[in-house]
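Enquirer: Predicted model follows, preceded by the sequence.
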Amino acid sequence: MDSNDLTLESKCENLMNIVVESRKRFGKACVDYDKKTLLTENKLLNLQVSTVSNYRFKPKNNVPSVEDDASKSLDDLFVEITEKQKRIDDVKRKLKNTHEVILQLEADVIGKKLRAPLTADAMLAQAKAKIV
């Protein structure tokens, strides 16, 4: 190798070292900048939140005060609602039982025969239907 190659190699190595060092320095600067911007954004956000939370809003309509009479009427309403719910549940249960009885009656063969009319004409019609 000649001296030109060595000087060229050392120059390249020096340039690469400069690039690495500048990347390190600017990388740290970018990270610090990002941290500082996040901190300032958080401070601004906290400031906005604190100013909004400290602001007292005036309601358009005044809220009526809750008194003992109102709470008693609410208790009466709850009792009434539970009673009506019980009545509805009882009606549902009775309807289900009635439906089951109707299904049993429809499936009952002997009951169908007993409900058939016992006139002579009906008996003749049944006998003719069995023959044909």
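Expert: Here it is on my side, so go on. This is a predicted model, so every value here is computed, not measured.

Enquirer: Let's test this: mean pLDDT of the helix or strand containing Leu103, rounded?
Expert: For Leu103, the enclosing helix or strand under DSSP states H and E is helix 68-107. For helix 68-107, mean pLDDT rounds to 86.

Enquirer: Give me the three-state assignment for Asn61.
Expert: coil (DSSP: H, G, I helix; E, B strand; the rest coil).

Enquirer: how deep is Ile110 tucked in, by neighbour count?
Expert: Residues within reach of Ile110, counting by other Cβ atoms under 10 Å, total 7. Glycine gets a C-beta too; all of them are placed from N, C-alpha and C.

Enquirer: next one: the one 10 residues further on
Expert: Residues lying near Ala120 (other Cβ under 10 Å) number 8.

Enquirer: Tell me the spacing between it and Lys130.
Expert: Look at Ala120 and Lys130: by Cβ to Cβ, to the nearest Å, they are 16 Å apart.

Enquirer: and what of Gln48?
Expert: Distance from Gln48 to Lys130, by Cβ to Cβ: 94 Å.

Enquirer: Who has more neighbours out of the two?
Expert: Using other Cβ under 10 Å as the criterion, Gln48 and Lys130 rank with Gln48 on top: 10 against 7.

Enquirer: what helix or strand does that one sit in?
Expert: Using DSSP H and E, Gln48 sits within helix 3-54.

Enquirer: Give the rounded mean pLDDT of stretch 20-36.
Expert: Here the average pLDDT along stretch 20-36 is 83.
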